[in-house]
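**Student:** Can you look at this prediction? I've put the sequence above it.
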There are 4 protein chains.
Amino acid sequence: MKVSVLGATGYAGAELLRILYNHPEAEVVHITSESHTGEKIADLYPHLRGLYDMTLESMKEIEAIGDDSDFVFIGLPHGHAMEVGRAMAGKPVRIIDLGADYRFADTSVYEAWYHVPHTHPEAERVYGLAELYREEIRNAKIIGNAGCFTTASILALAPLAKQHLVDVNTIIVDAKSGVSGAGRSAKQANHFPELYDNFRAYNVAGHRHTPEIEQAITDLSGEKSIINFTPHLVPMSRGILATCYARLRDGIASELVDAAYEKLYGKEHFIRLLGRGAYPSTKDVRGSNFCDIAWHIDPRTNRVIVLSAIDNLVKGAAGQAVQNFNIACGFDETAGLDYVPMYP
Amino acid sequence: MKVSVLGATGYAGAELLRILYNHPEAEVVHITSESHTGEKIADLYPHLRGLYDMTLESMKEIEAIGDDSDFVFIGLPHGHAMEVGRAMAGKPVRIIDLGADYRFADTSVYEAWYHVPHTHPEAERVYGLAELYREEIRNAKIIGNAGCFTTASILALAPLAKQHLVDVNTIIVDAKSGVSGAGRSAKQANHFPELYDNFRAYNVAGHRHTPEIEQAITDLSGEKSIINFTPHLVPMSRGILATCYARLRDGIASELVDAAYEKLYGKEHFIRLLGRGAYPSTKDVRGSNFCDIAWHIDPRTNRVIVLSAIDNLVKGAAGQAVQNFNIACGFDETAGLDYVPMYP
Amino acid sequence: MKVSVLGATGYAGAELLRILYNHPEAEVVHITSESHTGEKIADLYPHLRGLYDMTLESMKEIEAIGDDSDFVFIGLPHGHAMEVGRAMAGKPVRIIDLGADYRFADTSVYEAWYHVPHTHPEAERVYGLAELYREEIRNAKIIGNAGCFTTASILALAPLAKQHLVDVNTIIVDAKSGVSGAGRSAKQANHFPELYDNFRAYNVAGHRHTPEIEQAITDLSGEKSIINFTPHLVPMSRGILATCYARLRDGIASELVDAAYEKLYGKEHFIRLLGRGAYPSTKDVRGSNFCDIAWHIDPRTNRVIVLSAIDNLVKGAAGQAVQNFNIACGFDETAGLDYVPMYP
Amino acid sequence: MKVSVLGATGYAGAELLRILYNHPEAEVVHITSESHTGEKIADLYPHLRGLYDMTLESMKEIEAIGDDSDFVFIGLPHGHAMEVGRAMAGKPVRIIDLGADYRFADTSVYEAWYHVPHTHPEAERVYGLAELYREEIRNAKIIGNAGCFTTASILALAPLAKQHLVDVNTIIVDAKSGVSGAGRSAKQANHFPELYDNFRAYNVAGHRHTPEIEQAITDLSGEKSIINFTPHLVPMSRGILATCYARLRDGIASELVDAAYEKLYGKEHFIRLLGRGAYPSTKDVRGSNFCDIAWHIDPRTNRVIVLSAIDNLVKGAAGQAVQNFNIACGFDETAGLDYVPMYP
């Protein structure tokens, strides 16, 4: 399959190139960047030297790129993918957007949280969280790849929501991410000495991944869910740990919780269930498409605490995009993704 | 005042020596270590070279140490301080224990969580969280210095508890600490390559700081409080950020929350109120005795989210001990502690 | 090919398992650990969960392991591999030792620096630095895989030595390594808070990689070389940067230096020449078998300064071992090693 | 004494404010910033909240600032201090420039390396490396505070140069610095994910601290010295370690080397001699004005290797400035600087 990467100079774009390099069925035919058009990708990312000799093109040639490609991966800021989607509407090329434009079934939610009008609301699209929406992904024309925090959070909570084990309005997700999640652009706040040996929260009660988690929990449980989501910045490069709290419904035995996880994920390659009482670590999944999950039940408060760890650039972005690509193409779901996390 | 430090080779002990070096009223007369008796402290902590020429003694001389000292700071694992307390019972020397032995009014709670019998239950003791128990500390013989996580958590929640603004059984504290909180002993889990670029939780639903927070919230609010407390390990040396969640009682306006913080802490030197909507960072308090606090109110869920940052070795241990010492001696409360955090 | 890993619980052993997982021609049949015999490797290294279900065996079964295996990789402390080598002497199995036992042509040098008698001096062995000793490696029975610092240093200096461009007695190698190079055993010195935000040298004028570098420079240049080698510990997990100084012989033009690198390495897949005036970074090679090299010439002092970057666990240990394995088996030299470094 | 800080928003400026806060004889009367004129310093550096309520002024009022101040500390990029110096020429106010403008006795060296004409070559000025030029500093009008790398390097090498123990043309300084040395301005290269878990060199054979070291070695030894200086960036916030190499003159016994260090530094408060064979660490001096020094002699190569550690923002900038200020004012040299490094 011929694939192109629009917005290849962000961290997610570069990670796509890393993963696609070893994909047995994909060939990268175009990569784009508006700010670096004409430059070699290996000059911007020297780790690619000797492996990618490609030159960045402009999206002005989007029509031609669309004609050349079976699949287009989009790693652009929100607002751009829907323009690409419109331009590609009549072509056979299929789209995986790593941004938020196609994640919401209800575009008014998108518009309320992202503060831009949605220009492609009629698009047929599916939510690209592979383990939960696999069937929908198979034949999708446009896949709205799930966000990084949301992937960790939804995968952690889905068995509880689906089996109605918790009150979905008591959910609190306290999430922690490495700094690569903030993108490659230099900002004062992410200047090395400012963050090193430092820890802080941001976007409390206002992060845009909140409605995305709510959409999935509401969909899975059949009950309207309003949650709290709090992101934090960890002084490290990669990795997300989500600590999820919810109150168990009365009379739910621990074994029912265990069974819910086993039932939903027991056969999933990329979800590793560590079991009740265990502790996932971001480093155990570093560089990989795994999501490690464990859960704890506190009989004193009757709350369940679920811990999930992913690599924000892999299962939280590029890896999940390739997993969705594999599903959408009918390939082995692990193609290009079957390797060992990098530890230590 | 002549002071001694029992267990001077742990991080909290060394931090006490750092702070006491510039204390205008304190002179360190004895330092002890059972595993390093006879060694120079500066050989174990080369940063002290040229500043401390003292030799570590054994606690076997505890009687003499007690006779020599006006105050004894104890930086020993739990279970040891109560033995010291018993030995000192008849002497004028006063005690500040940085461990847990004297933190609980109800020793059965201590015994249930620490799994050892309390051998000094009759001791008159006060809980050493300076801003909240200042009057009790003034004349105390034995001060049970508040724990690191608990200091950050209780200071964050106290105004809400005291003013009855939240349901004290909806409290969740999701806390994150630098690795120095785990002590100086080398362990596989805290080996550098294992933690670097890594993030994880530990002791979910079982950490011993849980009942300490509950004791204070119950005391301040007058209502029995059962909470969830979840600690995490951040790949950095120092600092704690506590993210505290609670459901507001119906009809509580945001301004009431603001006013509660202002009322309780408006005149406190070591508590810096950043206000509603702000973000404390651990680095902004690094090396100092400050506790920076901010709060957020989510109208969608009617929860208040409070963020507090401290240096776990200072306000969470040695600094607070010196603050308590100052109060207990009638010194200016900032003596030895009035300096600028180290940034960046 | 059936391969076994002796000493699989060290970082180099675990890294071998990571790389071999994707090797098209290798099957891991035995893994050993004396301290963890009977345990699952995935319990010691949770990142391997779901990927390796193997149980650690004891080396007491070394005969049977040898009979089962075409190749044995040894990740044991020095002194053990030569015992394995003796035990395997009569078997067809071939050996790649990641330790020092088989690195020295002159065992008296080994004995002088490692302070143990060499019990297998008669072994036919080759020095396992693939780019420089490829022909010897092809048919070797025993390969003494080059050390981590030595790989970075020798690859940096080889063109200069081979072309007689520098005075080989003016060589100084100032090298910096991530902490994984010190192994997985917890030690006080490598306890997280001790190293974080810290930098120091160690083993000045006494590190055992010194004679290994000297052996290669002497061999390549035909002149006896005595050098200074100084290792430092960088507060990061992986990566080595070697900064190598040497005085150019009189009248050597910069172009001659450029040409020497191009001639020796121009066609090497795993050596990426960044050219004169450039700067390699350890992160650009992280997780990969690449060695990135650049050089600078200072006309004021007539010295050449060569910079080389490797991942100490890959090109400096497990990756180079697999590269040697590929050469020794006649496989494509990049088999199992042709993937993109992990950045950021 | 009334002091002002020009360019107070850089890391060195903020560090000056940290140190001056506890100085018994200094009162900060003005702080300036052109890009943040009118803003509160505590809004830019929240760690100063509650401690500094000052507002940043513009340098346009430089005349008035000069009239108000006994001493002006300048933390501006090179080229600006000489303009300030000219404007202050007729006033009694004295100047300590933390930049390079007044470091060179020969302004043509400055002009050659800094690529700007020197507009104040007639200024009477002294080189502000306190331990070596104390007498000159006492009565200086203008002090060119030594640079960070240069302080570590010159202090390490001075005893060898002064006692003619080494060939001053064989000196190589391989130095490593935390990222705060690069300043507070956000740049792509110093973006957190780019540097974390990464190590690299920069400015090989061209760093501007090279001629500053040469000037001092030439001055101390009486012999023209040309050296190599190579800086590296360590993924940490603070600290410099300099590894210095030089060839011993024939017949120099180790004891002579030891004696040279003892003679020059034996009574210095801020220089801690760890002795022959020891290892300084940057963390042992963190936050302090100490310079820790150790040396090693390699009989195989007859080279001496000197290791020195400083905090680049303290002994390498703000701390040394205050030390020079103390000397220049006749205060106790340790005023404001007599405290314990922050470890861990």
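**Tutor:** Here it is on my side, so go on.
**Student:** Residues of the stretch 51-200 of chain A that sit close to chain B?
**Tutor:** Proximity of the stretch 51-200 of chain A to chain B (C-beta under 8 Å from any C-beta of the partner chain) is limited to residues A:169, A:172, A:174, A:176, A:178, A:193-194, A:196-200. For glycine as for every other residue, the C-beta is placed from the backbone atoms N, C-alpha and C.
**Student:** Chain D next: which of those residues are close?
**Tutor:** The subset of those within reach of chain D, by C-beta under 8 Å from any C-beta, is A:178, A:193-194, A:196-197.
**Student:** out of these, which are inside helices?
**Tutor:** A:193-194 (DSSP state H).
**Student:** Now tabulate the ones next to chain D among the residues of the stretch 51-200 of chain A next to chain B in a markdown table and tack on pLDDT and neighbour count.
**Tutor:** Listed next are these as a markdown table, based on pLDDT from 0 to 100; neighbours: other C-beta atoms under 10 Å in any protein chain shown:
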| residue | pLDDT | neighbour count |
| --- | --- | --- |
| A:Gly178 | 98 | 29 |
| A:Pro193 | 98 | 25 |
| A:Glu194 | 98 | 23 |
| A:Tyr196 | 98 | 25 |
| A:Asp197 | 97 | 24 |
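**Student:** Let me know the closest of the residues of the stretch 51-200 of chain A next to chain B to chain C.
**Tutor:** Of all these, A:Asp197 has the smallest distance to chain C: 5.7 Å, by C-beta to the nearest C-beta.
**Student:** What sits closest to the closest one if chain neighbours are left out?
**Tutor:** Excluding its sequence neighbours, the residue lying closest to A:Asp197 (C-beta to C-beta, 6 or more residues apart in numbering or on different chains) is B:Met236, at 4.6 Å.
**Student:** Look up how far D:Ile310 lies from that neighbour.
**Tutor:** Using C-beta to C-beta, to the nearest Å, one obtains 22 Å as the distance from B:Met236 to D:Ile310.
**Student:** before we move on, what about A:Gly181?
**Tutor:** Going from A:Gly181 to D:Ile310 by C-beta to C-beta gives 35 Å.
**Student:** So for those two, which sits in the more crowded spot?
**Tutor:** D:Ile310 (36 against 24; other C-beta atoms under 10 Å in any protein chain shown).
**Student:** Pick out the most distant pair among the ones next to chain D among the residues of the stretch 51-200 of chain A next to chain B.
**Tutor:** A:Gly178 and A:Pro193 (17.1 Å; C-beta to C-beta).
**Student:** give me every residue that touches the nearest residue to A:Asp174 once chain neighbours are set aside.
**Tutor:** Using C-beta to C-beta, 6+ apart and skipping residues adjacent in sequence, the residue nearest A:Asp174 is B:Asp174, 4.0 Å away. B:Asp174 makes contacts with A:174, A:230, A:243, A:245, B:230, B:232, B:242-245, as judged by C-beta atoms under 8 Å, 6 or more residues apart in numbering or on different chains.
**Student:** Tell me the one of those residues nearest A:Leu274?
**Tutor:** Distance to A:Leu274 across the contacts of B:Asp174 (C-beta to C-beta) is lowest for A:Thr243, with 14.2 Å.
**Student:** pLDDT score for the closest one?
**Tutor:** A:Thr243 is assigned 98 on the pLDDT scale.
**Student:** State the distance from it to chain C.
**Tutor:** Distance, A:Thr243 to chain C, by C-beta to the nearest C-beta, to the nearest Å: 18 Å.
**Student:** got a list of what A:Ala278 touches?
**Tutor:** Here A:Ala278 is in contact with A:Ala294 (C-beta under 8 Å, 6+ apart).
**Student:** cool, and the one 5 residues further on?
**Tutor:** A:Lys283 is in contact with A:239, A:341, A:343-344, B:194, B:197-199, C:47, counting by C-beta under 8 Å, 6+ apart.
**Student:** go on, A:His269?
**Tutor:** The neighbours of A:His269, taking C-beta under 8 Å, 6+ apart as the test, are A:333-334, C:50.
**Student:** what about it, which SS state?
**Tutor:** Going by DSSP: H, G, I helix; E, B strand; the rest coil, the secondary structure assigned to A:His269 is coil.
**Student:** Is it correct that A:His36 is in contact with A:Leu56?
**Tutor:** Yes: between A:His36 and A:Leu56 there is a contact under C-beta atoms under 8 Å: 5.0 Å.
**Student:** Find the nearest non-adjacent residue to A:Tyr21, please.
**Tutor:** Per C-beta to C-beta, 6+ apart, closest to A:Tyr21 is C:Val340, 4.9 Å.
**Student:** coming back round to it: out of the contacts of A:Lys283, flag the one nearest to chain D.
**Tutor:** Of all these, B:Asp197 has the smallest distance to chain D: 5.7 Å, by C-beta to the nearest C-beta.
**Student:** For the residue of the stretch 1-150 of chain A found nearest chain D, give me its contacts.
**Tutor:** Proximity of the stretch 1-150 of chain A to chain D (C-beta to the nearest C-beta) peaks at A:Tyr11, 7.1 Å away. Going by C-beta under 8 Å, 6+ apart, A:Tyr11 touches A:180, A:183-184, A:313, A:317, C:344, D:193.
**Student:** Weed out the non-buried ones from those.
**Tutor:** Neighbour-count burial (16 or more other C-beta atoms under 10 Å in any protein chain shown) applied to the contacts of A:Tyr11 gives A:180, A:184, A:313, A:317, C:344, D:193.
**Student:** right, and the first one touches D:His191 too?
**Tutor:** No: at 9.8 Å, A:Ser180 and D:His191 do not qualify as touching, with contact defined as C-beta under 8 Å.
**Student:** Where do the helices of the stretch 1-150 of chain A begin and end?
**Tutor:** Taking DSSP state H, counting those that start in this stretch as the criterion, the stretch 1-150 of chain A contains helices spanning A:11-20, A:41-44, A:62-68, A:81-87, A:107-114, A:134-138, A:148-162.
**Student:** packing partners for the third one?
**Tutor:** In this case it means helix A:62-68. Where contact means 3 or more C-beta pairs under 8 Å, 6 or more residues apart in numbering or on different chains; DSSP states H and E, helix A:62-68 is packed against strand A:2-6, strand A:27-32, helix A:81-87.
**Student:** buried sites along that helix?
**Tutor:** For helix A:62-68, a neighbour-count test (16+ other C-beta under 10 Å) marks A:62, A:65-66 as buried.
**Student:** For these, give me JSON lines that also has pLDDT and distance to C:Tyr114.
**Tutor:** Converted to JSON lines, the buried residues of helix A:62-68 look like this (pLDDT from 0 to 100; distance: C-beta to C-beta, whole Å):
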{"residue": "A:Ile62", "pLDDT": "94", "distance to C:Tyr114": "63"}
{"residue": "A:Ile65", "pLDDT": "97", "distance to C:Tyr114": "59"}
{"residue": "A:Gly66", "pLDDT": "96", "distance to C:Tyr114": "63"}
